[in-house]
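Engineer: Build me a model from this:
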Amino acid sequence: MGGYLPSSIEPQFNTLWALTDFTAQNGTTRVIPGSQRWPIDRQPKDDETCQAEMSRGSVLIYTGTVVHSGGENRSDAPRLGMNITYCLSWLRQEENQFLSCPPEIARTLPIELQELLGYTMANYALGYFSSPKPLDIDLPDTMPPEAVLGRKPRRKLKYSDIA
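Structural biologist: Below you'll find the model as predicted:
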């Protein structure tokens, strides 16, 4: 719900893929349809929630401003899902991929996967870094994330890419 962006801007689009069946018993995701239009100070009530029960292989699609939560798993088995969130390129990513997948691991992955993890510039001047310690790479003070992997960007981004 945030409140920092105008309500006309939707910052996130989420997909939650069921890798196991999502049931009320194993704590399926709960959502409140229409809550994206609520005033910032509106609090949810339990009877407004819907349980997103779905079979393995299904996907739940919702925007980031929809009130959602995980339910209590009262079963003996884990509920497994994969959450893929798409957010506006000028926002900070939800998960810090650089800590989850540090350069020594990212270096072993295909370039396309490196880029999905954030080891590339999203747009002109978005995503560069300054090394906290000297690198053995001859680059300027601000560098594209590819530099930490020992490679150059696949394409040069220009201001016109975002204008």
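
Engineer: low pLDDT regions in the chain?
Structural biologist: Screening the chain residue by residue with the criterion pLDDT under 70, one finds the ranges 1-5, 92-93, 122-126, 131-141, 155-163.

Engineer: Regarding it, what is its longest helix?
Structural biologist: Among all segments of the chain classified by DSSP state H, the helix with the greatest residue count is helix 111-116.

Engineer: What is that helix packed up against?
Structural biologist: Of the remaining helices and strands, none touches helix 111-116 by 3 or more CB pairs under 8 Å, 6 or more residues apart in numbering; DSSP states H and E. C-betas here are computed from N, CA, C, even on glycine.

Engineer: in that helix, what counts as buried?
Structural biologist: Buried residues in helix 111-116, defined by neighbour count with 16 or more other CB atoms under 10 Å: 114-115.

Engineer: Which residues does it contact?
Structural biologist: Helix 111-116 is touched from outside by 106, 120, 146, 149, 151, 154, with contacts defined as CB atoms under 8 Å, 6 or more residues apart in numbering.

Engineer: ok, and what's touching whichever helix or strand comes after that helix?
Structural biologist: From helix 111-116 onward toward the C-terminus, using DSSP states H and E, the following helix or strand is strand 129-130. Here strand 129-130 makes contact (CB under 8 Å, 6+ apart) with 141-143, 145, 148.

Engineer: Can you give the strand pairings for strand 129-130, parallel or anti for each?
Structural biologist: Within its sheet, strand 129-130 is paired with strand 142-143 (antiparallel), according to DSSP bridges.

Engineer: what's the distance between the partner strand and the middle of its chain?
Structural biologist: A distance of 23 Å separates the C-alpha centroid of strand 142-143 from that of its chain, computed with CA atoms, centre = their mean, to the nearest Å.

Engineer: Just the CA trace of stretch 18-25, in CSV.
Structural biologist: The C-alpha atoms that make up stretch 18-25 are tabulated as CSV, following Å, rounded to 0.1, in the frame of the first residue of the first chain:
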residue,chain,number,x,y,z
ALA,A,18,2.5,-23.0,-7.5
LEU,A,19,5.2,-25.7,-7.4
THR,A,20,3.0,-27.7,-5.1
ASP,A,21,-0.8,-27.5,-4.7
PHE,A,22,-1.8,-24.4,-2.8
THR,A,23,-4.6,-25.2,-0.3
ALA,A,24,-6.2,-23.6,2.7
GLN,A,25,-4.7,-26.4,4.8
